[in-house]
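*Asks:* have a look; sequence and predicted model below, questions after that.
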Amino acid sequence: MADIIGFIFSGIATFFINPLLYLLLIALFLYGAQRVRRERRSFRVKAYGMFNIIFSSIAPSLLVGLAASLVLLAAGISLTPGVIALLSLAYIMTLFTFRQSFLSPAVAGGLALIAAYFMPALQTPYSLINGWIGDIRAIDYVSFGIFLVVAMLAETALVYFWGAQQTSPRLISSKRGSLVGAHEACQLWIAPLLFLMPVPGAISSIGPWPFVSGGASFSFAIFPLGIGIAQLITHALPKPAVRQTASWLMASSGITAIFIGAGYLLHMALFVVLGGVVALVSRLLLTWYHHHLRETQPFYYLMPNRGLRVIGAIPHSLGARMGIIPGEEILRVNDLEVSSVDEFYEALQKHAAYCKLEVIDRFGEQRFEKGPIHEDDNYKIGLLFLEGDQWNLKQKTNS
């Protein structure tokens, strides 16, 4: 029992000594600060605080990481230290592209598989690096391939269930120079994946377990799996657009799994590598597809003929409590027609402690929302509009 506890703590140590973890944490703060800065440029106010964005990613990361770890441990998937180093290096390379959408196990895992397959026999003055090169050249392709598929499924789950939460409202300019609205699904999760690592004299295998990896004894390792999404949505509501992305990721995981299964059944490493290539290409095509949608699909958040277009609502504000959602129009405030933010503010002053809104939803149906204005509600009651005032004409962001 003492040996098992010791190996668990050594596995935890592999998580904290990996420089990738700290680079991901830095990226998490930088992406959060960048998001807040964009929202302030568009609306002079932030929709979500930076630390709120960061802390909201912790629970989903741990939950999905735990589920994926159970699958990896049950199958007995193991990665050698050299392969872990290679995967970490591939992730660091994607980080330094400064593209949050490239932060994916499909990209890093695909690059790592290609690099492992073509790794030459090298000798360096450093024994540690020589040991890593030996690990990479002797990689268990099937074990790594299953690790990749599980990581891709973890990415799919995070995007499907949490990708559309706390999307960032933005104002951008269309090709014709007019002001339009958009939402960006921008999240970064760091999911800890626990798996086996072959170490002489560690925990022995039990019966047929581990099922996939060979070897006689194992320790544990934890890898910080970085998963990012940066999807600028201009043609639809955030949730269905992000769910479409999750469907793409699920299909990519399935196709990759077919290649991994073929490699396992035929005992051919090339099929596993081809699976990694499919995962990599599919993720890059997804980024291109998002750009294609922005270029070809009509804008969803356009300036209305009457009233004000809502782009978002600040959490816990009166507008959010009323159930106002992005894309809806505000026609009247306290029985006064409004067509600008100034008119909206003036109409609110008609009843300083009470607000009545006439709302047109995305189906064109009319409804009325009422509510008291509290002292901590700002003058816009937390609604972010597709504004045409001089501030936003000067500060609008580019798509």
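*Replies:* Arrived safely.

*Asks:* report pLDDT for Glu184.
*Replies:* Glu184 carries a pLDDT value of 95.

*Asks:* buried ones in the helix or strand hosting it?
*Replies:* Here Glu184 sits within strand 179-204, counting by DSSP states H and E. By neighbour count on 16 or more other C-beta atoms under 10 Å, the buried set for strand 179-204 is 179-199, 202-203. Heads up, the C-betas are built off the backbone N, CA and C, glycines and all.

*Asks:* other SSEs contacting that strand?
*Replies:* helix 2-16, helix 19-43, helix 58-75, helix 141-162, strand 168-173, strand 217-233, helix 238-266, strand 308-313 (3 or more C-beta pairs under 8 Å, 6 or more residues apart in numbering; DSSP states H and E).

*Asks:* dump the ones you listed to JSON lines, plus mean neighbour count.
*Replies:* JSON lines is the format used below for the helices and strands packed on strand 179-204 (neighbours: other C-beta atoms under 10 Å):
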{"stretch": "helix 2-16", "mean neighbour count": "13"}
{"stretch": "helix 19-43", "mean neighbour count": "18"}
{"stretch": "helix 58-75", "mean neighbour count": "17"}
{"stretch": "helix 141-162", "mean neighbour count": "24"}
{"stretch": "strand 168-173", "mean neighbour count": "22"}
{"stretch": "strand 217-233", "mean neighbour count": "24"}
{"stretch": "helix 238-266", "mean neighbour count": "18"}
{"stretch": "strand 308-313", "mean neighbour count": "24"}
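
*Asks:* dump these to TSV, plus mean pLDDT and distance to Arg283.
*Replies:* Below are the helices and strands packed on strand 179-204 laid out as TSV (pLDDT from 0 to 100; distance: least, C-beta to C-beta, whole Å):
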stretch	mean pLDDT	distance to Arg283
helix 2-16	75	25
helix 19-43	92	18
helix 58-75	95	18
helix 141-162	97	9
strand 168-173	91	22
strand 217-233	92	11
helix 238-266	96	7
strand 308-313	92	28
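
*Asks:* now these as CSV including distance to Thr287?
*Replies:* CSV is the format used below for those (distance: least, C-beta to C-beta, whole Å):
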stretch, distance to Thr287
helix 2-16, 29
helix 19-43, 16
helix 58-75, 22
helix 141-162, 13
strand 168-173, 18
strand 217-233, 9
helix 238-266, 10
strand 308-313, 24
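
*Asks:* about what we covered before: what's the angle from the strand holding Glu184 to helix 238-266?
*Replies:* Orientation check (axes from the mean of the first three to the mean of the last three C-alpha atoms, to 10 degrees): strand 179-204 against helix 238-266 gives 30 degrees.

*Asks:* strand 179-204 vs strand 168-173, what angle?
*Replies:* Using the same axes, to 10 degrees: strand 179-204 against strand 168-173 is 140 degrees.

*Asks:* nearest to Arg294, out of the helices and strands packed on strand 179-204?
*Replies:* Closest of the helices and strands packed on strand 179-204 to Arg294 is strand 217-233, at 6.3 Å (criterion: C-beta to C-beta).

*Asks:* so which elements touch that closest one?
*Replies:* By 3+ C-beta pairs under 8 Å, 6+ apart, strand 217-233 packs against helix 2-16, helix 19-43, helix 81-95, helix 105-117, helix 141-162, strand 179-204, helix 238-266, helix 269-296.

*Asks:* for these, which one sits closest to Gln123?
*Replies:* helix 81-95 (14.3 Å).

*Asks:* outside of that closest one, which residues touch it?
*Replies:* Applying C-beta atoms under 8 Å, 6 or more residues apart in numbering, the external contacts of helix 81-95 come out as 14, 18-20, 23-24, 27, 79, 102-104, 107-109, 111-112, 115-116, 131-136, 139, 144, 197, 221, 223, 226.

*Asks:* for Lys350, which of the helices and strands packed on strand 217-233 is the nearest?
*Replies:* Lys350 sits nearest to helix 19-43 of all those, at 23.7 Å, using C-beta to C-beta.

*Asks:* what does that closest one rub up against?
*Replies:* 15, 45-51, 53-54, 57, 88, 91-92, 95, 100, 103, 168-171, 184, 186, 188, 190, 224, 226, 228, 311, 384, 387, 392, 395-397.

*Asks:* repeat for stretch 118-136
*Replies:* Thr80, Pro81, Gly82, Val83, Ala85, Leu86, Ala115, Ala116, Arg137.

*Asks:* ok, back up a step: for Glu328, find the nearest of the helices and strands packed on strand 217-233.
*Replies:* Closest approach to Glu328 among those (C-beta to C-beta): strand 179-204, 11.7 Å.

*Asks:* now do the same contact list for the residue lying farthest from the centre of the chain.
*Replies:* Distance from the C-alpha centroid of the chain peaks at Lys350, with 43.2 Å (C-alpha atoms, centre = their mean). Each residue near Lys350 by C-beta under 8 Å, 6+ apart is listed here: Val333, Asn334, Leu336.

*Asks:* do that again at 7 Å, thanks
*Replies:* Asn334, Leu336 (C-beta atoms under 7 Å, 6 or more residues apart in numbering).

*Asks:* and it, how far is that from Thr156?
*Replies:* Distance of Lys350 to Thr156, computed by C-beta to C-beta, to the nearest Å: 49 Å.
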